[in-house]
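Peer 1: Just a sequence and a predicted model for now, questions to come.
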Amino acid sequence: MSSVVFNHVTKYFGENKAVNDAHFSIEEGEFFTLLGPSGCGKTTLLRTIAGFYRNEEGDIYFGDRVINDVPTHERNIGMVFQNYAIFPHLSVFDNVAYGLRARKMGKKEIETKVMEALEMVELSHLRDRIPSNMSGGQQQRIALARAIVIRPALLLMDEPLSNLDAKLRVKMRTDIRQLQKELNITTIYVTHDQEEALAVSDRIAVLNEGVIQQIATPQQIYQYPHNRFVANFIGTSNFVEGSCEKDPDSSGHAGIIQLLGTTRKLSLHKPYEGKVVFAIRPEQVHLSGEPASDHAVQGTVKSVSFLGDKVSYLITLPDGSVMDVHDYPGKSQHLFREKQSLFLDIQLERTVMYDSTGQEVIYHAGEA
Ligand code: ATP
């Protein structure tokens with residue numbers, strides 16, 4: 001019963017479509033993340049699933065049941081919020097027991113289930129403590145135990161880690177993912193943190209201004225962003241304009257590309273002629289002291305940032321634009337200095353090429 005289907009769901013605030021025609025499915029047992037910038041509609045979509053908001057258009061299904069008009073308390077969902085929302089005056093045990101008591105469960109069964117949930121979040125030894133003097137990470141574990149103790153069909157999490165420090169966030173996200181897998185609970189997770197989304201999700205939906213831009217696995221979304229917005233929001237992309245014309249020697253969709261003063265060929269997904277924009281990831285450029293090929297582009301190092309596992313170079317190109325390039329000195333043994341002249345070998349066949357508006361993919365390395 002724990003798959004979720006959105007059939008052309010729209011939610012308005014006045015004239016504003018906070019969620020605009022959401023049309024997709026979440027599989028049973030999936031860890032599904034809603035990702036996007038502030039105000040894109042993530043929380044609104046989550047609250048519509050929870051039943052706090054009513055969608056004006058379309059239908060939401062849990063399994064094969066339309067739940068548009070089912071009240072929140074009948075939806076069998078567990079929720080975890082950014083601000084924990086636990087009862088500060090109740091003990092850890094009583095916080096977790098709350099939902100079970102509301103369901104009029106027997107005392108013995110409550111004891112067993114609460115202790116089981118507290119063990120899962122590693123808090124059983126603190127059962128009698130009062131949350132108000134516990135750390136943020138511990139309070140969020142209480143909230144998590146309270147959400148899962150009722151064995152919900154669906155777990156909804158809204159920025160649950162935002163109030164925690166960076167190191168704890170990484171540990172907690174791993175723990176949440178582990179727990180979700182163990183319990184096999186369909187989970188919908190809201191975050192604006194792309195790294196967090198990539199790390200934990202089975203699939204990610206990227207939203208912008210209420211509209212879903214792409215739904216895919218973390219790898220797919222990183223490698224083949226469907227449009228310029230996604231390429232910009234997920235990871236780092238250097239956007240470089242070029243042009244494309246049909247290759248007269250080819251019977252297929254080969255294109256001749258002009259880019260940064262070089263000429264290259266690519267096998268396109270569809271016929272296209274005109275201006276194009278490439279999204280080039282920092283790791284898709286190889287740096288060297290000498291030109292490595294006849295399409296090497298000369299550049300000058302503007303700045304060098306040593307980031308531990310990698311070095312991030314900002315490189316000024318002949319047209320005055322600046323490209324972010326990552327190098328892994330452990331591998332190449334190179335370290336370039338500021339103002340040094342060098343050559344960039346752009347691995348164009350690994351990049352994604354869009355039409356001039358950035359809305360349509362004309363080329364990427366995977367399947368068409
Ligand atoms: P954030 O990451 O900042 O929480 P979000 O992606 O969750 O943002 P929402 O809170 O869902 O975005 O907001 C989506 C849009 O709906 C925004 O334009 C917001 O101003 C608007 N909105 C959200 N809640 C309400 C409300 N209760 N009344 C009116 N407009 C609202």
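Peer 2: Everything's here; your move.
Peer 1: Provide a list of residues in contact with Gly145.
Peer 2: No, residue 145 isn't Gly; it's Ala. Applying CB atoms under 8 Å, 6 or more residues apart in numbering, we find Ala145 in contact with Val96, Val114, Ala117, Leu118, Met120, Val121, Leu123. Any C-beta I mention is one placed from the backbone N, CA and C, and that applies to glycine too.
Peer 1: Which ones among the residues you listed lie within helices?
Peer 2: Val96, Val114, Ala117, Leu118, Met120 (DSSP state H).
Peer 1: Neighbour-wise, give me the winner out of these.
Peer 2: With neighbours set by other CB atoms under 10 Å, the maximum within these is found at Val96, which has 31 neighbours.
Peer 1: measure stretch 118-134 end to end?
Peer 2: 15 Å (CA to CA, to the nearest Å).
Peer 1: Okay, buried residues for it please.
Peer 2: By 16 or more other CB atoms under 10 Å, the buried positions in stretch 118-134 come out as Leu118, Met120, Val121, Leu123, Ser124, Leu126, Pro131, Met134.
Peer 1: ok, now stretch 218-225?
Peer 2: For stretch 218-225, by 16+ other CB under 10 Å, it's Pro218, Ile221, Tyr222, Gln223, Tyr224, Pro225.
Peer 1: And the third one, its phi and psi?
Peer 2: For Tyr222, the backbone dihedrals are phi -70, psi -40 (criterion: degrees, to the nearest 10).
Peer 1: Okay, it and the ligand: tell me how far apart.
Peer 2: 21 Å (CB to the nearest ligand atom, to the nearest Å).
Peer 1: residues in contact with that residue?
Peer 2: Here Tyr222 is in contact with Leu198, Ile234, Gly235 (CB under 8 Å, 6+ apart).
Peer 1: By neighbours, which of those wins?
Peer 2: Ile234 (21 neighbours).
Peer 1: what is the mean pLDDT for stretch 92-103?
Peer 2: Confidence for stretch 92-103, expressed as mean pLDDT, is 93.
Peer 1: What residues sit buried inside that stretch?
Peer 2: Val92, Phe93, Asp94, Asn95, Val96, Ala97, Tyr98, Gly99, Leu100.
Peer 1: The last one and Arg146 touch, don't they?
Peer 2: No. Counting by CB atoms under 8 Å, Arg146 is not a contact partner of Leu100; they are 9.6 Å apart.
Peer 1: Run through the residues of the stretch 101-250 of the chain sitting next to the ligand.
Peer 2: When proximity is defined by CB under 6 Å from any ligand atom, the stretch 101-250 of the chain lies next to the ligand at His192.
Peer 1: Near Gly255, how many residues? Count them for me, please.
Peer 2: Neighbour tally, Gly255, other CB under 10 Å: 24.
Peer 1: Closest residue of the stretch 51-200 of the chain to the ligand?
Peer 2: The ligand sits closest to His192 of the stretch 51-200 of the chain, with a gap of 5.0 Å, by CB to the nearest ligand atom.
Peer 1: For that residue, which residues are in contact?
Peer 2: Leu35, Gly36, Pro37, Ser38, Lys42, Glu159.
Peer 1: hmm, 10 Å instead?
Peer 2: Leu34, Leu35, Gly36, Pro37, Ser38, Gly39, Cys40, Lys42, Glu159, Ser162, Phe233 (CB atoms under 10 Å, 6 or more residues apart in numbering).
Peer 1: Buried residues, stretch 57-68. List them.
Peer 2: Applying 16+ other CB under 10 Å to stretch 57-68 flags Gly58, Ile60, Phe62, Ile67 as buried.
Peer 1: I'd like those as a markdown table, with secondary structure and pLDDT appended.
Peer 2: Formatted as a markdown table, those follow (DSSP: H, G, I helix; E, B strand; the rest coil; pLDDT from 0 to 100):
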| residue | secondary structure | pLDDT |
| --- | --- | --- |
| Gly58 | strand | 98 |
| Ile60 | strand | 97 |
| Phe62 | strand | 96 |
| Ile67 | coil | 96 |
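Peer 1: For the residues you listed, work out which two are farthest apart.
Peer 2: Greatest spatial distance in the buried residues of stretch 57-68: Gly58 and Phe62, 14.4 Å, computed using CB to CB.
Peer 1: Please verify my assumption that Arg127 contacts Val92.
Peer 2: Yes. Contact criterion CB atoms under 10 Å: Arg127 and Val92 qualify, at 5.3 Å.
Peer 1: overlap in contacts of these two?
Peer 2: Val114, Leu118.
Peer 1: So which residues of the stretch 151-300 of the chain form helices?
Peer 2: 166-183, 194-200, 218-223, 228-233 (DSSP state H, counting those that start in this stretch).
Peer 1: ok, so what distance separates Ala279 from the ligand?
Peer 2: 23 Å.
Peer 1: What about that residue, how many residues nearby?
Peer 2: Neighbour tally, Ala279, other CB under 10 Å: 25.
Peer 1: Please name the residues that touch it.
Peer 2: 224-225, 227-228, 230-232, 235-240, 351-354, 358, 361, 364.
Peer 1: go on, Ile346?
Peer 2: Ile346 is in contact with 238, 240, 259-260, 262, 264, 278, 280, 284-286, 293, 295-297, 323, 325, counting by CB under 10 Å, 6+ apart.
Peer 1: taking these one by one, which sit in strands?
Peer 2: Among these, the ones falling in strands (DSSP state E) are Asn238, Val240, Leu259, Thr262, Arg264, Phe278, Ile280, Val285, His286, Val297, Met323, Val325.
Peer 1: what's the spacing between the residue of the stretch 51-200 of the chain closest to the ligand and Arg47?
Peer 2: His192 sits at a distance of 16 Å from Arg47 (criterion: CB to CB, to the nearest Å).
Peer 1: Now do the contacts for Phe31.
Peer 2: Contacts of Phe31 by CB under 10 Å, 6+ apart are 155, 157, 176-177, 180-181, 185-189, 200-204.
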